[in-house]
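Participant: Whatever this is, show me its structure:
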Amino acid sequence: MAGKKYRAAAEQIDRDKQYSVAEAVELTKKIAYAKFDETVEMDMWLGVDPRKADQMVRGTVLLPHGLGKSKRVVVIASADRFTEAKDAGADEVGGEDIVQRIKEGWLDFDALIATPDMMRAVGQLGKILGPRGLMPNPKTGTVTNEVGRAVTETKAGKIEFRVDKTGVVHAPVGKVSFDAQKLAENAKSLIDAIMRAKPQTAKGKYVRNATMSSTMGPGIKLNTAEF
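Facilitator: Next up, the predicted model:
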């Protein structure tokens with residue numbers, strides 16, 4: 001049944017056309033067929049070699065309209081930062097105790113923020129957190145002494161993007177149920193952030209291809225000349 005629905009959705013896409021962001025949003029919403037509120041996602045194929053450290057594309061962006069869900073945020077900090085983190089809305093706050101829980105397999109959170117003085121302990125979790133994209137990093141603002149601000153921004157819709165080993169950035173920009181204009185504004189914020197993150201050493205065309213899709217839906221090719 002899902003196969004038929006996917007094909008029916010794909011038939012509504014003009015494969016010879018490159019859509020503007022606004023057009024792609026409207027079409028993504030129109031052809032979404034799942035019974036749940038699908039996430040709208042973007043994929044951007046970049047002209048970089050992520051094997052080279054000076055061509056790594058990574059950063060964060062605060063989506064103006066969030067992602068439609070509240071992230072579970074955990075803070076690992078020294079005791080004097082606990083109140084600040086809790087007041088900002090952190091779901092769990094602690095120190096070495098949180099590190100131990102994660103070692104034992106606890107991963108019931110969407111983002112982890114740590115203060116610099118706790119990174120020696122958090123560093124032990126690299127093999128657990130790294131593959132899941134949860135390892136705190138100063139470049140993404142998740143290793144910071146300003147834990148209150150970091151929690152607030154993460155809760156409000158701050159997301160991290162990172163090019164994978166094939167040169168693709170994959171990131172969410174909202175839900176199918178979002179107003180089309182809000183989805184388009186979120187998508188453009190992500191695009192702008194990735195464009196600003198272009199490495200100086202990148203050669204040739206930076207954005208080679210880009211698509212938008214819902215969780216279950218087919219990709220809609222975007223007009224990268226817009227970027």
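Participant: wait, what's in contact with the residue nearest to Val207 when sequence neighbours are not counted?
Facilitator: Closest residue to Val207 apart from its sequence neighbours, by C-beta to C-beta, 6 or more residues apart in numbering: Thr224 at 4.6 Å. Just so you know, the C-beta spots here come from the backbone N, C-alpha and C atoms, and that holds for glycine as well. Going by C-beta atoms under 8 Å, 6 or more residues apart in numbering, Thr224 touches Gln18, Val207, Arg208, Asn209, Ala210.
Participant: nearest to Gly68, of those?
Facilitator: Ala210 (21.7 Å; C-beta to C-beta).
Participant: correct me, but the closest one touches Leu46?
Facilitator: No. Ala210 lies out of contact with Leu46 (C-beta atoms under 8 Å); the separation is 9.4 Å.
Participant: quick check: mean pLDDT across stretch 85-92?
Facilitator: Averaged across stretch 85-92, pLDDT comes to 96.
Participant: quick check, distance from that stretch to the centre of its chain.
Facilitator: How far stretch 85-92 lies from its chain's middle: 21 Å, per C-alpha atoms, centre = their mean, to the nearest Å.
Participant: Would you work out how far apart the start and end of that stretch are?
Facilitator: Taking C-alpha to C-alpha, to the nearest Å, stretch 85-92 runs 9 Å from one end to the other.
Participant: list the buried ones in it?
Facilitator: Within stretch 85-92, the residues that qualify as buried by neighbour count (16 or more other C-beta atoms under 10 Å) are Ala85, Lys86, Ala88, Ala90, Asp91, Glu92.
Participant: any idea of the pLDDT on Glu226?
Facilitator: pLDDT recorded at Glu226 is 89.
Participant: neighbours of it, just the number please.
Facilitator: Glu226: 14 surrounding residues under other C-beta atoms under 10 Å.
Participant: circling back: could you identify which of the contacts of Thr224 has the most neighbours?
Facilitator: Comparing the contacts of Thr224 by number of neighbours (other C-beta under 10 Å), Ala210 comes first, having 27 neighbours.
Participant: and the longest helix for this structure?
Facilitator: helix 180-196 (DSSP state H).
Participant: Can you pull out the residues in contact with that one?
Facilitator: The contact list for helix 180-196, computed with C-beta under 8 Å, 6+ apart, reads 21-22, 24-26, 28-29, 40, 42, 44, 46, 57, 59-65, 157, 159, 161, 169, 171, 173-174, 178, 206-207, 210, 212, 227.
Participant: Quick check: buried residues in it?
Facilitator: Buried, per 16+ other C-beta under 10 Å, within helix 180-196: Lys182, Leu183, Ala184, Glu185, Asn186, Ala187, Lys188, Ser189, Leu190, Ile191, Ala193, Ile194.
Participant: Likewise for stretch 137-146?
Facilitator: For stretch 137-146, the neighbour count (16+ other C-beta under 10 Å) marks Thr140, Gly141, Thr142, Val143, Thr144 as buried.
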